[in-house]
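[1] Would you be able to build a 3D model of this:
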Amino acid sequence: MELLKFSERLEELIFDTELPQNEFAGKCGLTPSEISKYLKGNCMPSLSSVLKIADFFKCSVDYVLGIEDQKYSTCFHPIPPFAQRLRFLLPHFGYTGYRFCKEAKNISAARYYDWLNGKHEPSLENIINIAEFFDCSVDFVIGRSN
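    Numbering: from 1, shown residues only. Next up is the predicted model:
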């Protein structure tokens, strides 16, 4: 993920609300310091933070991240546990776990099995890598859209 695109998109979205940064942070469930760090491009947001921002603006995660340029409002689904979503994604795209681990960049078998067994949730960066690997949206990977 390109932090600059995310921070610019976030700045644009906040500007359009005409809310002060601190007030925006409170309304979307984040702290002012988190918002400040994101606007400065100092740190990668968590999936949870990006979801709060996307939900606040009623737009896709892909739009918030600057991956897509079209802002559309639609009804997004509640997100299932990632293990459940991973069990859907692989056969949907015609992959076995072995083939996925072998071909997906930066996804080790140990990490894959941790996700599959619900021991860990993937980072936002891993989710973006999976979306790029399957050539689909981040929202699709996490189960937020069909």
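
[2] OK, contacts around Ile107?
    The contact partners of Ile107, taken as C-beta atoms under 8 Å, 6 or more residues apart in numbering, are 100-101, 126, 129-130. Heads up, the C-betas are built off the backbone N, CA and C, glycines and all.

[3] Domain ranges for the protein, per the record?
    Listed by automatic domain parsing, the domain ranges of the chain are 3-65, 82-142.

[4] With distance to Thr74 added, can I get those in TSV?
    Shown next, in TSV, are those (distance: least, C-beta to C-beta, whole Å):
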stretch	distance to Thr74
domain 3-65	8
domain 82-142	9
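
[5] Let me have those domains in JSON lines, adding distance to Phe76 and mean pLDDT as columns.
    Formatted as JSON lines, those follow (distance: least, C-beta to C-beta, whole Å; pLDDT from 0 to 100):
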{"stretch": "domain 3-65", "distance to Phe76": "8", "mean pLDDT": "93"}
{"stretch": "domain 82-142", "distance to Phe76": "7", "mean pLDDT": "95"}
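
[6] For Lys71, find the nearest of those domains.
    Evaluated over the domains of the chain, closeness to Lys71 peaks at domain 3-65, with 5.0 Å, by C-beta to C-beta.

[7] just to revisit the earlier point, is it possible to mark the buried ones in the contacts of Ile107?
    The neighbour count (16 or more other C-beta atoms under 10 Å) marks 100-101, 126, 129-130 as buried among those.

[8] in what helix or strand does Asp55 lie?
    Assigned by DSSP states H and E, Asp55 falls within helix 47-57.
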